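Asker: Following is a predicted model, sequence given first.
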Amino acid sequence: MTDANTDLKSMLKDPSLLETRAYIGGEWVDGDDGTFDVTNPARGDVIAKVADLSRAQVAGAIAQAEKAQKEWASWTGKERAAVLRKWFDLMMANQDDLGAILTAEQGKPLAEAKGEIAYGASFIEFMGEQAKRVYGETIPGHQRDKRITVIKQPIGVAASITPWNFPNAMITRKAAPALAAGCAFVARPAAETPLSAIVMGVLAERAGIPAGVFNVVPSSSSSAVGKEFCENPAVRKLTFTGSTEVGRILMKQAADQVMKCSMELGGNAPFIVFDDADLDAAVEGAILCKFRNNGQTCVCANRIYVQAGVYDAFAEKLKVAVEKLKVGDGFEDGVALGPLINPAAGEKVKEHIEDAKSKGANVILGDAGEMDGNFLPPTIMTDVTQDMMVATEETFGPLAPLFKFDSVDDVIAMANDTIFGLASYFYAKDLSRVYKVAEALEYGIVGVNTGLISTEVAPFGGVKQSGLGREGSHHGIEDYLEMKYICMSV
Ligand SMILES: NC(=O)c1ccc[n+]([C@@H]2O[C@H](COP(=O)([O-])OP(=O)(O)OC[C@H]3O[C@@H](n4cnc5c(N)ncnc54)[C@H](O)[C@@H]3O)[C@@H](O)[C@H]2O)c1
Ligand SMILES: O=C[C@H](O)CS(=O)(=O)O
């Protein structure tokens, strides 16, 4: 087999961005446990061999972060903002290369990958500005000789564990507020997609972020690193994005230290189309919401509820639109749907399709079929009901299940009948209906007449078992700050 790593380097304008070592304390280091392979999910070839760090090396990174954090916290917010701005500028100047690296290891179409780089960079731009706005307050004393002030200080060392589906943005959505607040950061990326995290270390170094403030610790062992993050007393904050089941494991482990946790977990988004909706707009929104990253996002429509009066019309319009989506290698022009991340992801989609068929649902486009590598055609099913797996489990792939409903109350009850509460969407025009439904949906995010809600200016996060805390917006930096009350006798 030819050295596919070379192929990737040859695609880059700046081949030095393709780094495979760990970034600890400002040094590039090899793994004590050798290397692990990173493969291109579209082609199956090995594109890089990445440093495989031991738990001891991760502990060393935490020690470096602890040391660097004290000095970083002494910088003014304005000084930190200036360096974060340079990090942002370098991301955007190298957007094409970062997008190519992301597509190569994650599979999403190149245009989407470049879009993720801009999205990820927007958090660094936004939070860099917030670094200058970490305000305290004064409170009128409770006694004549008492003066009360409240200040906010960085929490300390933040440890991050992130998933493979957005290998850049899920890290910057955490690192940006952490560094802006004056924290130091240790990132353990998903083993499927470490290159996008490592290159952020390359750019951090070039931006002048001090050694030890931002560290990347790739490892093939997730549980060992998670345990080090949760058990090491120098870690003051765990920030996790991933499945709810892993979130539960980490919260239990972090409980021993009563560690502050941010949890961005699983979803099961309802996408509701009412009979007064603009159907063409609803179809466009459903395509964006369902098939972005080939359905592999936490906020993808997992259940599509359509009111009876427009059900057949919507189903037909959706089928016509989905038939136009080109499936293929993310580097190929015009491809809308790339590969799934691995065969197991495809098996889960097929399991949901087969389960629904066995309980009476009908396939109007696509089907389970046999996977071609990690490629699975988009599938639309009708006559889907609440007793099917797809109603309670996150599919995380290109399956659009259409449920029929009659009344507003019925669909709100069905939409809320889940342990998850991350994103939800609905299309309607009647204003009182819009207010009633938006307020009744038990979700952290509600998209009204839109299928795209992702932005750095808004608070992203879930309720129920979809997580704790918010990322993005002026709220996002608070998760990396501690509030201190100072009572002074004068
Ligand atoms: N809420 C959000 O913002 C958001 C964003 C993206 C993905 N997600 C969720 O993530 C899931 C898909 O991503 P995934 O398959 O990578 O999720 P996952 O939970 O399997 O893995 C997430 C990360 O945790 C690591 N991990 C797994 N087990 C661990 C353990 N015992 N200790 C420490 N680390 C461990 C993995 O290696 C990976 O880096 C979906 O449920 C999706 O909804 C949520
Ligand atoms: O997968 C979940 C991410 O949070 C996707 S996005 O932030 O909505 O782009």
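Answerer: Looks like it came in fine. Ligands and ions are numbered 1, 2, ... in the order given.

Asker: downstream neighbour of the helix or strand of the chain with the lowest mean pLDDT in the secondary structure list?
Answerer: Using mean pLDDT, DSSP states H and E, helix 4-11 stands out as the lowest-scoring helix or strand of the chain, at a mean of 72. Per DSSP states H and E, helix 4-11 leads on to strand 22-24 as the next helix or strand towards the C-terminus.

Asker: Please enumerate residues in contact with that following strand?
Answerer: 28-31, 51, 53, 57, 60-61, 64, 198, 201-202, 204-205, 212, 214-218 (C-beta atoms under 8 Å, 6 or more residues apart in numbering). All C-beta spots, glycine's among them, are computed from the backbone N, C-alpha and C.

Asker: same thing but at 7 Å, please
Answerer: Outside strand 22-24, the residues that touch it by C-beta atoms under 7 Å, 6 or more residues apart in numbering are 29, 31, 51, 53, 60-61, 64, 198, 201, 215-218.

Asker: Where neighbours are concerned, which of the residues you listed has the most?
Answerer: Neighbour tally across those (other C-beta atoms under 10 Å): the maximum, 31 neighbours, falls on residue 217.

Asker: I'd say residue 423 and residue 445 touch.
Answerer: Yes. Residue 423 is within contact range of residue 445, at 4.3 Å (criterion: C-beta atoms under 7 Å).

Asker: who touches both of the two?
Answerer: 299, 453.

Asker: What ranges in the chain fall below the confidence cut-off?
Answerer: Within the chain, the stretches with pLDDT under 70 are 1-6.

Asker: can you list the residues of it near ligand 1?
Answerer: Counting by C-beta under 6 Å from any ligand atom, the chain comes close to ligand 1 at 161-166, 170, 190-191, 222-223, 226, 241-243, 246, 249-250, 264-267, 298, 394, 396, 422, 467.

Asker: try it again with 5 Å
Answerer: 161, 163-164, 190, 222-223, 226, 241-243, 246, 249, 264, 266-267, 298 (C-beta under 5 Å from any ligand atom).

Asker: of all these, which two lie farthest apart?
Answerer: Comparing all pairs in the residues of the chain next to ligand 1 by C-beta to C-beta, the longest separation belongs to 223 and 267, at 23.5 Å.

Asker: those strands in the stretch 101-250 of the chain, which residues are they?
Answerer: 137-139, 146-154, 157-161, 184-188, 214-216, 235-241 (DSSP state E, counting those that start in this stretch).

Asker: ok, residues contacting the fifth one?
Answerer: So that's strand 214-216. Under the criterion C-beta under 7 Å, 6+ apart, residues 22-25, 61, 64-65, 175, 179, 185-187, 189, 197-198, 200-201, 204 lie in contact with strand 214-216.

Asker: Over to the fourth one?
Answerer: By C-beta under 7 Å, 6+ apart, the residues outside strand 184-188 that reach it are 61-62, 65, 68-69, 72, 157-161, 171, 175, 178-179, 197, 212-217, 219, 225.

Asker: Spatially central residue (nearest the centroid) of the protein, please.
Answerer: residue 170 (4.1 Å; C-alpha atoms, centre = their mean).

Asker: ok, now which ones touch that one?
Answerer: Residue 170 touches 162-163, 241, counting by C-beta under 7 Å, 6+ apart.
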